[in-house]
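K.L.:
Pasting the sequence and the predicted model now:
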Amino acid sequence: MATSKTTAGEKAARKKAAPAAGAAGRGKARPAAEGGGGAETAAKAAKTAPAAEPVAPAGRAAGGNGASAPAQASPKTRGTRKEKRKLKQIAIYGKGGIGKSTTTSNLSAALADMGYKVMQFGCDPKADSTNTLRDGSYIPTILELLREKGRVEARDAIFEGYNGIYCVEAGGPSPGVGCAGRGIITAVQLLKQQNIYEELDLDYVIYDVLGDVVCGGFAVPIREGIAQHVFTVSSSDFMAIYAANNLFRGIQKYSNAGGALLGGVIANSVSSGYQRAIVDDFVVQTGTQVMQYVPRSITVTQSELGGKTTIEAAPDSEQAEVYRELARRVDDHELSATPKPMDAQTLRAWAAKWSDQILAVERGDVRSAGAQI
Ligand code: ADP
Ligand code: MG
């Protein structure tokens with residue numbers, strides 16, 4: 001169970017003493033809201049207690065946490081903010097459990113460390129995208145707030161995480177009720193209507209989206225006018241590749257109507273030669289590229305168990321450098337493209353080819369540097 005490790009008083013003192021410190025200024029803990037939300041909310045409240053107070057961007061800049069309207073938050077907390085340029089909106093998709101939130105949070109943390117103003121927008125009904133940016137604590141989702149209050153000010157749903165990252169969770173409907181993507185539609189509309197991105201003067205908004213199905217709300221970030229670039233997290237496992245290929249079909253479909261285009265694949269948990277070879281072949285077949293190879297690492301596990309990103313918990317580790325390199329590549333990335341997804345039959349044949357190849361290597365029939373197991 002996540003608990004706040006620092007009192008509000010200590011935080012205020014730390015904030016004064018070291019405004020750029022990563023943990024400083026995260027929303028102070030308060031008791032979880034009680035009652036009125038039904039079984040689901042109560043269960044969630046138990047899981048999430050203690051909850052957090054939303055960040056009040058104007059107040060944060062001034063060193064307080066009043067509920068004043070969002071304003072031009074001071075970039076001073078980051079010290080070395082990069083030159084302001086156009087807001088870059090990125091969507092990270094991938095199969096459930098593949099490592100989207102881990103990768104996204106480390107990417108957000110690395111970008112914040114580079115001096116950018118970043119918002120991480122969790123679009124998975126699991127609503128755990130931003131946990132490791134906030135010492136393992138959950139934040140109330142936009143849908144939960146709506147259920148509780150009927151109307152939500154966007155700033156009530158924005159919480160401060162590592163190095164000033166703005167954390168938002170869209171949330172999902174009550175289990176078994178309605179469209180799972182409803183939270184994304186609602187949350188995106190809310191933040192757009194209230195001009196939050198402009199008011200916060202953000203450099204990056206990163207959507208962390210469950211990509212098993214690219215329909216309904218889950219397609220929102222790639223439809224017209226939201227994200228410009230999509231990256232997909234995939235391992236060499238067939239189901240992850242299958243989900244990535246499905247995503248490519250969605251991107252292709254919306255690309256004619258001004259939708260987001262594909263930046264590339266973030267190859268996660270890719271440690272051996274044959275795993276790399278499978279992902280490499282997949283990107284060639286589908287006309288895209290690998291943005292970064294992220295090995296499976298115990299440092300990630302250890303950091304997550306401590307409620308933190310690897311960037312925060314183990315900044316000097318090799319794995320942190322892998323994430324920083326990914327952030328530099330994402331930052332430099334300008335040109336995304338329409339992917340060329342495989343049709344069902346081609347994908348099946350492609351998988352069968354790899355199955356045969358791995359079998360051949362296992363039997364010792366083939367010795368290929370790219371296909372070592
Ligand atoms: P998703 O957001 O796609 O559902 P998560 O980011 O929550 O997936 O990751 C699922 C689990 O896999 C987490 O426990 C996470 O720590 C672990 N994980 C993800 N990437 C790595 C990695 N490169 N090395 C070790 N563990 C990882
Ligand atoms: Mg996730």
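P.N.:
Thanks, I have the structure now. Numbering: from 1, shown residues only. Ligands and ions are numbered 1, 2, ... in the order given.
K.L.:
what residue ranges in the chain score low on pLDDT?
P.N.:
Flagging of the chain using pLDDT under 70 yields the residue ranges 1-52, 56-85, 214-215, 224-225, 366-373.
K.L.:
residues from it in reach of ligand 2?
P.N.:
For the chain, the contact set with ligand 2 under C-beta under 5 Å from the ion comprises 100, 101, 124. Where C-beta positions appear, they are placed from N, C-alpha and C, glycine not excepted.
K.L.:
near ligand 1, from the residues you listed?
P.N.:
Taking C-beta under 6 Å from any ligand atom, the overlap between the residues of the chain next to ligand 2 and the neighbourhood of ligand 1 is 100, 101.
K.L.:
For the nearest residue to residue 167 once chain neighbours are set aside, grab the count of nearby residues.
P.N.:
In space, not counting the residues next to it along the chain, residue 167 is nearest to residue 130; the distance is 3.7 Å by C-beta to C-beta, 6 or more residues apart in numbering. As a burial measure, the neighbour count of residue 130 was computed by other C-beta atoms under 10 Å and equals 27.
K.L.:
Looks like residue 130 contacts residue 166 (just checking).
P.N.:
No - taking C-beta atoms under 8 Å as the definition, residue 130 is not a contact partner of residue 166, at 9.2 Å.
K.L.:
so what's in contact with those two at the same time?
P.N.:
With contacts taken as C-beta atoms under 8 Å, 6 or more residues apart in numbering, residue 130 and residue 166 have 120, 159 as neighbours in common.
K.L.:
related to what we said a few turns ago, residues contacting the residue nearest to residue 167?
P.N.:
Per C-beta under 8 Å, 6+ apart, neighbours of residue 130: 101, 105, 120, 122, 139, 159, 161, 165, 167, 168, 169.
K.L.:
Quick check: the residue of this structure nearest ligand 2.
P.N.:
When scored by C-beta to the ion, the chain has residue 101 as its residue closest to ligand 2, at 3.2 Å.
K.L.:
And for the closest residue in space to that residue that isn't next to it in sequence, the neighbour number?
P.N.:
For residue 101, the nearest residue in space outside its immediate sequence neighbours is residue 129; the separation is 4.6 Å by C-beta to C-beta, 6+ apart. Number of residues near residue 129 (other C-beta under 10 Å) recorded here: 29.
K.L.:
helix/strand/coil for residue 129?
P.N.:
coil (DSSP: H, G, I helix; E, B strand; the rest coil).
K.L.:
what does residue 241 give?
P.N.:
Here residue 241 is recorded as helix under three-state DSSP.
K.L.:
Straight-line length of stretch 253-261, end to end?
P.N.:
Stretch 253-261 has its terminal residues 10 Å apart, counting by C-alpha to C-alpha, to the nearest Å.
K.L.:
Over to stretch 136-148?
P.N.:
Taking C-alpha to C-alpha as the measure, stretch 136-148 stretches 23 Å from start to finish.
K.L.:
For the protein, identify the residue most remote from the centre.
P.N.:
Using C-alpha atoms, centre = their mean, the residue of the chain lying farthest from its centre is residue 365. It sits 42.0 Å away.
K.L.:
quick one: contacts for the residue in the stretch 201-350 of the chain positioned nearest to ligand 1?
P.N.:
Here the stretch 201-350 of the chain gets closest to ligand 1 at one residue, residue 300, 3.7 Å apart by C-beta to the nearest ligand atom. The neighbourhood of residue 300, defined by C-beta under 8 Å, 6+ apart, consists of 102, 310, 319.
K.L.:
Compare those residues and tell me which is most surrounded.
P.N.:
residue 310 (28 neighbours).
K.L.:
how close does it sit to residue 164?
P.N.:
Distance of residue 310 to residue 164, computed by C-beta to C-beta, to the nearest Å: 18 Å.
K.L.:
repeat for residue 273
P.N.:
40 Å.
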